[in-house]
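**Q** Could you work out the structure for the sequence below:
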Amino acid sequence: MRRDRSGRTVLRGSTLVSAPFTLVGLVCLAVCAYSVTWSVASAPAPTTGGWWTAAASGAVGLLALGAARGCRVVLEDDHVRDQVAFITVWSGKVSGVRTVRVRRGPWRTFELELLDGTRRVLLGVGPVQFPSSLQPDARERDMCTIDRLGLRMGA
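**A** Below is the predicted model:
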């Protein structure tokens, strides 16, 4: 959680969307490092293919890690914005949320139940995941995140 100068709060965490971005970013940066090493090792015979591969995989890796950083929930006064890769996928008022639940399953998520009865899954931030969800304080950490969002826990 981070509070910036404008008074808004930014929540980030490992989510269903940010984890694949992180994985792709790390793999692409590893390919970049391998390509640079290969190109430097074959220095007497210049290989432009290795340098192009390094540049392309490095650029894709940095973009993927930037997109993972952009998976967040931004809180401003009574307003919540759910963002994936810095793109807002849902926006609404905190007062328009009836309850929030932790959805169970292979990848746990926060599910908002709105006053009109619809349900939204927050993609920008999520509860603690396996294996941390097995620890005794996992529920308290989930509740702490829900409190930071300014929401009420449902049944």
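**Q** where are the low-confidence patches of the chain?
**A** 1-7, 13-14, 46, 105-106, 126-135, 148, 150-155 (pLDDT under 70).
**Q** those helices in it, which residues are they?
**A** 18-41, 48-69, 138-149 (DSSP state H).
**Q** Which residues belonging to the shortest one are considered buried?
**A** I take that to be helix 138-149. Buried residues in helix 138-149, counting neighbours by 16 or more other CB atoms under 10 Å, are found at 138, 142, 145-146, 149. The way it works is simple: take the backbone N, C-alpha and C, and place the C-beta from them, glycine included.
**Q** The helices of the chain: which one's closest to Glu76?
**A** helix 138-149 (12.2 Å; CB to CB).
**Q** ok, now how distant is the closest residue to Val60 other than its chain neighbours from Val74?
**A** Spatial nearest neighbour of Val60, excluding adjacent residues (CB to CB, 6 or more residues apart in numbering): Cys28 at 4.7 Å. To Val74, Cys28 is 27 Å away according to CB to CB, to the nearest Å.
**Q** try Leu16
**A** 18 Å.
**Q** Now for the residue nearest to Val60: which residues touch it?
**A** Applying CB atoms under 8 Å, 6 or more residues apart in numbering, one finds that Cys28 lies in contact with 57-58, 60-61, 64.
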